[in-house]
Each structure stands twice: as C-alpha cells, then as structure tokens.
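> Quick one, fold the following:
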Amino acid sequence: MAVSPLPPALALATHAGSAAIRRSGLCRGCERSAKMSSLISAVEAGMTLVPACEVVARLPELQGRTVLVVGDVVLDRYVVGRASRLSREAPVPVLVHEQSFALPGSAANPALNIQAVGSRAIQAAVIGEDQAGDELAGLLASAGVDIRSLLRSPQRRTCVKQRILARGSLRFPQQVARIDWMDETPLSEQHVQQLAGEVRERSAAVDAILLSDYQGGATGGAVLEACLAEQEGRGVPVCVDAQGDLWQYRGVYCIKCNREEAMRATGRNLDTEADYASATDQVMTALGARIVAITRGAAGMALRHSQAGYLSLPAVNRTEVFDVVGAGDTVIALMTLGIAAGWDVRLLATVAQLGAGIVIQRLGNATPSLQELEQAAWRWLPPTSGEASA
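Take a look at the predicted model:
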C-alpha cells in the first residue's frame with residue numbers, strides 16, 4: 001500500500017531545516033548544536049532526547065489545535081479505603097472508606113489530555129442513556145471537551161470500571177480489585193454509521209483525528225473508512241492507539257501500541273533493539289504508516305519514521321512509578337498534537353515521554369499541563385543539546 005501523504009504542516013516541517021531551528025528561539029549555542037546534530041545518522045540522533053531548551057521553546061505550539069477523538073469510552077470509578085485489618089470471613093483486607101471519585105477513561109482520557117495543554121478535543125463515541133453516561137458526559141463537558149458527537153443510546157450500557165484501592169504505608173494506595181460493568185454486545189451498524197457521520201461532519205474543522213481502540217468496536221469499519229477519507233481528501237492525519245487488531249489500520253498516518261500488543265500482532269519476541277527495529281519495519285511495511293511507535297515502559301519508546309528510519313528514545317522517569325494507568329493515552333494525545341503542530345518525530349516522542357513520566361507518578365488517569373511539561377523538561381532532559389541525555 002502506498003505511504004499516506006504528509007499533512008501540509010508536517011511536510012513543511014520536514015523541509016524547513018535550520019529555519020525551523022531559528023524560529024524555535026534557541027540560544028546560539030543550542031542552534032549550532034542542533035544544526036550539527038542534523039548531520040549525524042537518524043539512528044544516532046534517535047538515541048538521545050531533545051534538550052530541554054528546545055522542548056520548552058516549542059511547547060506553546062501544542063496549544064490552539066483541534067483534535068477529533070473517536071473511540072471506546074469508559075467511566076473509571078475509584079473507591080479508596082484504609083487497610084485496617086484482615087477479615088474474619090476470608091483472607092482479604094478490611095478497608096475503611098476514605099474517598100470515592102470518578103474520571104473519564106479509555107478513549108475519553110486522550111480527550112482530557114488534549115484539553116489540559118490548551119487545545120480542543122471533540123469526543124465521538126457511543127454511550128448509554130443511563131446514570132453512568134450522564135456522569136461521564138458531565139465530567140467531559142466540565143473539562144471543556146466538545147461532547148456534541150457523544151452519541152446516547154437506550155440500547156447501550158455505559159461501560160464502567162471500578163477500582164478498589166487499599167491505602168497502607170506506601171505513598172499511593174494499591175489496587176486490590178477491579179469490577180467491570182461492560183456492554184459486550186457489538187456496536188450496531190446503525191451506531192457505526194452514526195459515528196462515521198460524525199467523523200465526516202466534524203473533520204472539516206480539525207487538525208488531526210485520534211482513534212483510541214479499546215476493542216469496543218468504535219474505531220473500525222465505516223468509522224475507519226471515514227477517517228481515512230478525511231486524511232486523503234483534506235490532509236488530516238489519522239493517529240491510532242491500537243489495543244486490538246493492528247492490521248485493520250492500513251493507511252493511517254501514525255500507529256502506537258505497547259510491547260505486549262506488538263508481540264501479539266507481529267508474532268515476535270521483543271527483547272533487543274534489533275527486535276524492535278524489525279517489528280516496527282514489519283508494521284510500517286504492512287500498514288503504510290508514516291510513524292510506528294511501540295512503548296516499552298521503563299525502557300522508553302521504539303519508533304520508526306518513514307523518512308528518519310528507526311529511532312529509540314529512553315524513558316525520562318524510570319524510578320518514580322506509582323500507577324501506569326493512562327500513560328499510553330497521554331503518549332498518543334501528545335504525539336497527535338505534535339504531528340498536528342508539524343513537529344519532527346524526535347521532538348514529539350520526547351514530549352510524549354515527558355507526559356508519560358508525569359502521569360505514572362499519579363493515581364488514576366492524569367493530564368499534564370504545559371507548565372508541568374515544562375517543569376519536567378528542565379528536570380529530566382539535558383538542558384542543551386551539548387549534554388548527554390539521561
């Protein structure tokens with residue numbers, strides 16, 4: 001399959017060269033180092049993170065974008081209690097209730113991440129006409145997300161995941177159980193066509209489309225076809241966070257998955273850089289994508305770009321890990337915004353890694369702000385391009 005065309009913003013950035021460096025507002029020393037780094041091989045460049053001074057100068061470019069987020073949304077509920085003793089009824093802890101709260105989850109979390117950095121998210125999904133649906137819609141609306149494409153159906157149940165957490169001597173409570181209320185019936189053809197219609201109607205005013213696949217059926221078939229038609233016709237890049245079948249996403253601009261999902265899809269063990277290089281090449285060849293990303297947890301991220309080749313970036317935060325829920329959502333949200341802004345692949349991957357590093361320090365789905373990304377850049381990245389990355 002032919003490689004998808006570059007969106008105008010990214011095509012411009014690809015050929016901008018030193019002019020883009022000058023516009024970024026870097027100091028002269030950083031500008032000289034950036035020009036020099038462009039002469040080394042893509043793989044060598046990919047083994048280092050973008051320096052803090054460049055990241056901080058470019059972060060404001062994430063603001064003012066509009067992204068259509070399509071996918072399988074969930075209401076995440078949390079019940080937190082203090083572990084007081086073991087129950088006499090069974091070998092389980094007795095929890096004294098401390099707090100309960102709810103957050104938008106799954107495909108709703110990237111929308112919150114987009115809002116948190118000063119851009120606009122349009123949420124397209126199907127939920128039930130029930131109390132959980134009311135709560136989820138209200139939480140999204142209160143965060144500023146456009147919910148006019150959030151479809152309500154009396155035939156559907158809003159999916160809920162309730163986590164039970166025990167607070168002990170550790171800084172963060174530990175999850176001891178999760179209860180899921182899921183609607184396992186496939187989306188009806190009517191709902192799929194309605195979602196596809198929302199894609200066609202709303203895409204005229206967006207900078208990118210993000211498909212968040214949590215295997216609920218909201219991102220394939222006619223919905224995917226409508227997204228690809230917008231990419232082909234308007235140059236709107238389609239970015240996918242795939243938990244299900246990677247191979248259905250032929251023609252998308254960018255696709256991201258984690259290590260386990262990549263191994264399942266490719267049939268490969270992923271242990272060495274050579275393994276990741278081969279796997280990303282296999283996925284890119286099959287899908288014709290411009291960017292393929294595999295998140296590797298504490299080992300960072302492996303990427304392949306159709307022009308820059310294979311890249312490998314280390315994780316910025318390897319030690320302060322408390323809750324990994326939502327980290328992948330933050331990564332795809334920031335990568336999508338970076339693509340919409342015309343960033344090169346190393347910059348967008350570095351910022352995505354910063355976002356993930358912040359999220360894993362917190363309980364539940366977290367949404368880093370621009371200020372927090374800036375603080376993380378100065379904390380975790382080399383200040384200038386002349387210093388080695390951590």
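
> Next one: the residue nearest to the spatial centre of the chain from Ile209, what distance?
Nearest residue to the geometric centre of the chain (CA atoms, centre = their mean): Ile332, 2.0 Å. Distance of Ile332 to Ile209, computed by CB to CB, to the nearest Å: 12 Å. The way it works is simple: take the backbone N, C-alpha and C, and place the C-beta from them, glycine included.

> List the residues that are in contact with both of those two.
Here Ile332 and Ile209 share the contacting residues Cys239, scored by CB atoms under 8 Å, 6 or more residues apart in numbering.

> ok, back up a step: OK, contacts around the residue nearest to the centre of the chain?
110, 210, 212, 239-241, 256, 352.

> again with Ile209
Applying CB under 8 Å, 6+ apart, we find Ile209 in contact with 67-68, 70, 199, 203, 227, 230-231, 236-239.

> and the gap between it and Ser106?
Distance from Ile209 to Ser106, by CB to CB: 17 Å.

> Next step: the contacts of Ile209 restricted to strands.
Among these, the residues falling in strands (DSSP state E) are 67-68, 70, 238-239.

> Now render those as CSV, adding distance to Trp380, neighbour count and pLDDT.
Output for the ones in strands among the contacts of Ile209, formatted as CSV (distance: CB to CB, whole Å; neighbours: other CB atoms under 10 Å; pLDDT from 0 to 100):
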residue, distance to Trp380, neighbour count, pLDDT
Val67, 25, 28, 99
Leu68, 31, 28, 99
Val70, 32, 30, 98
Val238, 30, 30, 99
Cys239, 24, 30, 99
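
> ok so, going back, report the inter-axis angle for the helix or strand in which the residue nearest to the centre of the chain is found versus strand 66-71.
Per DSSP states H and E: Ile332 is located in helix 327-340. Relative orientation of helix 327-340 versus strand 66-71 (axes from the mean of the first three to the mean of the last three CA atoms, to 10 degrees): 140 degrees.

> Is it correct that Leu151 is in contact with Leu195?
Yes - assessed by CB atoms under 8 Å, Leu151 is found in contact with Leu195 at 7.0 Å.

> Mind checking which of those two has more residues around it?
Leu195 (24 against 17; other CB atoms under 10 Å).

> Distance-wise, check that one relative to Thr266.
With distances taken as CB to CB, Leu195 is found 29 Å from Thr266.

> can you tell me how far the residue lying farthest from the centre of the chain sits from Val94?
Ranking residues of the chain by C-alpha distance from their mean position (CA atoms, centre = their mean) puts Arg88 at the top, at 43.4 Å. In this view, Arg88 and Val94 are 9 Å apart by CB to CB.

> Fine by me, thanks again.
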